[in-house]
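Chemist: can you look at this prediction? I've put the sequence above it.
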Amino acid sequence: MLESLAPGEVLRGREVVGEEVSGVSWESAEVLDCVFEECTFTSCNLSMTVLTDTRFVDCTFVGCKLLAVNWTATGAGSMLAQPLRFERCRLDGTTFAGLDLGGFVFRDCQLTDVDLSECDLRRADLGGSDLSGARFSRADLRDADLRGTRGLALDPRDTRLKGARIDLDAAPGLLEVFGVVIT
C-alpha cells in the first residue's frame, strides 16, 4: 500500500500493480525507478513530484493535483507504454515536451500553461479541458478531440491538425494568429 511522502522524501524501486491509491500526497517528493501498472490514483497530490526513471503503465488519475510535474524526467518513451488517463485533474505548469501522448485522455482537466511542444497527441482526448496558455509548438494533434476546450490558442501553421475535432467555440483560437477576429 502506498502512503504519503514528506517533501524531499524518496520512494525508490517499487513495482506496484493494480492498486487503488487514494488521498496520498507526494508533493515535492522524489519517486525514483518505480513502476506503476494499472493503478488508479484518486484525489492525490503529486504536485512538483520528481519522477526520475519512473513508469506509469495504463494508469488513471481522477481528481488529482499534479502541478509543475516534469513528465520528461520519467524516461520518455518507457513511461508511455500504455496511454494514461487524467480525469478532472489539475496539471497547471506541467511539462510533457517531446513525449508521445498518443491516445492519452485529459478529460475535463485544468491544463493552463502546460508545455505540449513537440508532443505526439494523435488520437488524444483533451475534451472539456482548460488549455489557457498551453504551448503546442510543433505538436501533432491529428485526430485529437479538442471539443469543449477553453483557452485553446495555437498556430495551425506550426501544428499538425488534420482530423482534429474542434467545436466552434474553440475555432477563434486557431484564427487569432492570422489576425482574424470573430465576433
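Modeler: Right, received. Where do you want to start?
Chemist: give the contact list for residue 35.
Modeler: Taking C-beta atoms under 8 Å, 6 or more residues apart in numbering as the criterion, residue 35 is in contact with 14, 15, 16, 54, 55, 57. C-beta here means a position set from N, CA and C on the backbone, and glycine is covered the same way.
Chemist: now intersect those residues with the helices, please.
Modeler: Counting by DSSP state H, no part of those is found in helices.
Chemist: what is the neighbour count of residue 3?
Modeler: By other C-beta atoms under 10 Å, 9 other residues sit near residue 3.
Chemist: which residue packs closest to it, ignoring adjacent ones?
Modeler: residue 24 (6.3 Å; C-beta to C-beta, 6 or more residues apart in numbering).
Chemist: my guess is the one you found contacts residue 2, does it?
Modeler: Yes: between residue 24 and residue 2 there is a contact under C-beta atoms under 8 Å: 5.8 Å.
Chemist: what touches both of the two?
Modeler: If you check residue 24 and residue 2 against C-beta under 8 Å, 6+ apart, no residue is contacted by both.
Chemist: by neighbour count, which of the contacts of residue 35 wins?
Modeler: Busiest of those [other C-beta under 10 Å] is residue 54, holding 23 neighbours.
Chemist: model confidence at that residue, what's the number?
Modeler: pLDDT recorded at residue 54 is 89.
Chemist: any idea how far it lies from residue 135?
Modeler: 24 Å (C-beta to C-beta, to the nearest Å).
Chemist: and stretch 130-137, what's buried?
Modeler: 130, 131, 132, 134, 135, 136 (16 or more other C-beta atoms under 10 Å).
Chemist: where do the strands sit along the chain?
Modeler: Counting by DSSP state E, the chain has strands at residues 10-12, 15-17, 20-22, 30-32, 35-37, 40-42, 50-52, 55-57, 60-62, 85-87, 105-107.
Chemist: wait, which of the ones you listed is closest to residue 115?
Modeler: Checking the strands of the chain against residue 115 by C-beta to C-beta gives strand 105-107 as the closest, at 13.6 Å.
Chemist: tell me what the closest one is packed against?
Modeler: strand 85-87 (3 or more C-beta pairs under 8 Å, 6 or more residues apart in numbering; DSSP states H and E).
Chemist: I'm done for today, thanks for sticking with me.
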